[in-house]
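> please find the sequence and the predicted model below.
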Amino acid sequence: MSWSKITLIGFEQFLNYENKSLFDGLVLPEGIDLEVLKSTIMLSGGEFEVLYSNPDFMRDQIGYWGQRNYRTFDKWIKALNIEYDPLYNYDRHEEWTDEGSGTRENETSLKSESSTTSDGDGSSSVENTRSAFDSSDYQPHDKTDSEFDNHSETSGEDESSGTLKEDTTNKSEHSGHMYGNIGVTTSQQMLQSELDIASWNIYDHISDIFIRDFTVPVYE
């Protein structure tokens, strides 16, 4: 006995005639390809009967479904993209800062001496000339001669002392990275766990959730 049913593929093809898709409102985290996911869903559950009979209603619900599961899918893809050495079971990063402060005192003493001596002698002559009102020539009027002798000497001594205080602050930063196998698990066991993770396919898991939520997964 057979009966007609509305399948996932049938709904998608119906909407494609109107240039629409069941997945128009589905937004996925970065790193998950929508086309690959659509292909995986259709391959795994395209022949199953849809849970909702209205294609537009189902398209809207798929968009809300994506929003509801966005954080879960984002956690999955980020966890799968973590870089690590599968044979190391110890990976520790440390950062620390050393700080200190204090006051430093220095006793200072300053003494200076200075002396200056200057000697000099010389002479000077000043002559004044005048012109009569009826003459164009200048004639000597008076003249002054002088001589000088100059000697000066200065000396002095300065002395000062005191305490110089200086506030100091010291800061140093360090970091360390310790990693490897500390022996609680064998390398073979860790390798097997890595192979198990590698076989975990994110597209298959999202597809399984989609088929569970939007189809009637009955095999004939």
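Nice, thanks for sending it over. Model, not experiment: these values are computed from the prediction.

> do a quick rundown of the strands in the chain.
Secondary structure of the chain, counting by DSSP state E: strands at 49-50, 90-130, 139-180, 215-216.

> okay, now the unreliable bits of this protein?
Within the chain, the ranges that satisfy pLDDT under 70 run 1-4, 89-91, 105-164, 179-181, 183, 220.

> specify the residue ranges that define each domain of it.
8-89+185-216, 108-170 (automatic domain parsing).

> what's the longest helix in the protein?
helix 55-80 (DSSP state H).

> what about Ala198, distance to Leu80?
From Ala198 across to Leu80, the span is 9 Å (C-beta to C-beta, to the nearest Å). No exception for glycine: its C-beta is placed from N, CA and C like everyone else's.

> residue contacts, the closest residue to Asp208 other than its chain neighbours?
In space, and not counting its chain neighbours, Asp208 is closest to Ser44: 7.5 Å by C-beta to C-beta, 6 or more residues apart in numbering. Applying C-beta atoms under 8 Å, 6 or more residues apart in numbering to Ser44 gives the contacts 204, 207-208, 211.

> so which of the residues you listed sit within helices?
With helices taken from DSSP H, the overlap with the contacts of Ser44 comprises 204, 207-208, 211.

> mind putting those residues into JSON lines with neighbour count and distance to Glu49?
Shown next, in JSON lines, are those (neighbours: other C-beta atoms under 10 Å; distance: C-beta to C-beta, whole Å):
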{"residue": "Asp204", "neighbour count": "11", "distance to Glu49": "21"}
{"residue": "Ser207", "neighbour count": "20", "distance to Glu49": "17"}
{"residue": "Asp208", "neighbour count": "15", "distance to Glu49": "17"}
{"residue": "Ile211", "neighbour count": "18", "distance to Glu49": "11"}
